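# What follows is a predicted protein model with its sequence.
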Amino acid sequence: MLRRRRTIEVKSPGQLEAMRAAGIIVAKTLALISAAAKPGVSTAELDALAEQTIRDAGAVPSFKGYHGFPASICASVNEQIVHGIPSRGAVLADGDLISVDCGAILDGWHGDSAVTLAVGSVALEDLALSKATKNAMWAGVKAAVPGGRLTDISHAVETAATQAGDFGQIIEYGGHGIGREMHMEPFLPNVGKPGKGPRLEVGVTLAIEPMLTRGTNKTVELDDGWTVITADGSRAAHWEHTVAITADGPWVLTEPAQ
């Protein structure tokens, strides 16, 4: 029996510009959340700020209602890796580490990005964790060039993370294609040997998002059906950008506007 190849959406220059417009909204939203994430602020308050900012820009939050997700951002604190649900009871304290994942849809096109934020005075080990995760993301971005293979990005992320220190590298979750939908083909692992997977073509857009921990790479999903935590309670970090592959190299669509 023949197997159908899963197609990867390729965007035109105009469609990339449309995705960039969505990405700018995400970048602005995350900048405002970064400024607001202080001790005493609840993750529900951050969520309300995100939704208001996105809607005021004429866009729609990607996450709200996605497979039943109840909020406009994922707010994952300390041992929470991804998909944390904002709540009034989750009040940030001095020393917390929080990753905020945010998405917006503008004119049918998605932008998706995540940052990890230090709340107040954070331990040096946690700052090192976040820095290593961010640097691994940027290593993956640099590998997103025409003519390469998908796992060239995976290998770049893994290599940067390994060289940064003894961090747990999350392999159950990873990056993804993005465009008219938030999650599209291909799945992008954060570990792997180079030179495998689909060829990277001009016009392909990917969300590159490594997740590292200070301990295990084993994960547990909580009973809420969303929040993913480290199995040993160690702290986690998560960084993400939406990136387009162009003839001139990677174009980060969710960077702040200049």
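Arrived safely, thanks for sending.
# and the residue lying closest to residue 10 once chain neighbours are set aside, how many neighbours does it have?
Counting by CB to CB, 6 or more residues apart in numbering, residue 203 is the residue found nearest to residue 10 once chain neighbours are left out, at 4.0 Å. To be clear about C-beta, it is placed using only N, CA and C from the backbone, and glycine gets the same treatment. Using other CB atoms under 10 Å, residue 203 is surrounded by 18 other residues.
# Please tell me I have it right and residue 203 contacts residue 179.
No: taking CB atoms under 8 Å as the definition, residue 203 is not a contact partner of residue 179, at 9.7 Å.
# Please name the residues that touch residue 116.
Contact analysis of residue 116 by CB atoms under 8 Å, 6 or more residues apart in numbering lists 97-100, 130, 133-134, 237-239.
# Can you redo these as a markdown table, where the extra columns are secondary structure, distance to residue 251 and neighbour count?
As requested, these are arranged in a markdown table below (DSSP: H, G, I helix; E, B strand; the rest coil; distance: CB to CB, whole Å; neighbours: other CB atoms under 10 Å):
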| residue | secondary structure | distance to residue 251 | neighbour count |
| --- | --- | --- | --- |
| 97 | strand | 29 | 24 |
| 98 | strand | 28 | 24 |
| 99 | strand | 24 | 28 |
| 100 | strand | 23 | 26 |
| 130 | helix | 24 | 22 |
| 133 | helix | 22 | 29 |
| 134 | helix | 18 | 21 |
| 237 | strand | 24 | 29 |
| 238 | strand | 22 | 29 |
| 239 | coil | 18 | 25 |
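# And those, which is closest to residue 21?
residue 100 (20.8 Å; CB to CB).
# What distance do you get for that closest one to residue 248?
30 Å (CB to CB, to the nearest Å).
# what about the host helix or strand of residue 75, average pLDDT?
For residue 75, the enclosing helix or strand under DSSP states H and E is strand 73-77. Regarding strand 73-77, the rounded mean pLDDT is 98.
# From the chain's centroid, how far away is the helix or strand following that strand?
Following strand 73-77 in sequence order, the next helix or strand is strand 80-82 (DSSP H and E). Relative to its parent chain, strand 80-82 has a centroid offset of 11 Å by CA atoms, centre = their mean, to the nearest Å.
# Enumerate the sheet neighbours of strand 80-82, specifying parallel or antiparallel for every one.
strand 228-230 (antiparallel) (DSSP bridges).
# Could you list the low-pLDDT ranges of this structure?
Within the chain, the segments meeting pLDDT under 70 span 1-6.
# Please, where are all the helices along it?
In the chain, the helices defined using DSSP state H lie at 13-36, 43-56, 124-142, 150-164.
# can you pull up the bridge partners for the residue nearest the centre of the chain?
Geometric centre of the chain, nearest residue: residue 240, 3.1 Å, by CA atoms, centre = their mean. Residues in a beta bridge with residue 240, per DSSP bridges, are residue 114.
# That one reaches residue 208, doesn't it?
Yes: in this structure residue 240 lies within contact range of residue 208 using CB under 8 Å: 6.7 Å.
# Can you pull the residues that touch both of those two?
137, 175.
# Got the phi and psi for residue 87?
phi -150, psi 160 (degrees, to the nearest 10).
# quick one: contacts for it?
With CB under 8 Å, 6+ apart, residue 87 has these contacts: 42-44.
# I'd like the residues you listed laid out as CSV, including neighbour count and distance to residue 188.
Shown next, in CSV, are those (neighbours: other CB atoms under 10 Å; distance: CB to CB, whole Å):
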residue, neighbour count, distance to residue 188
42, 16, 32
43, 26, 27
44, 17, 31
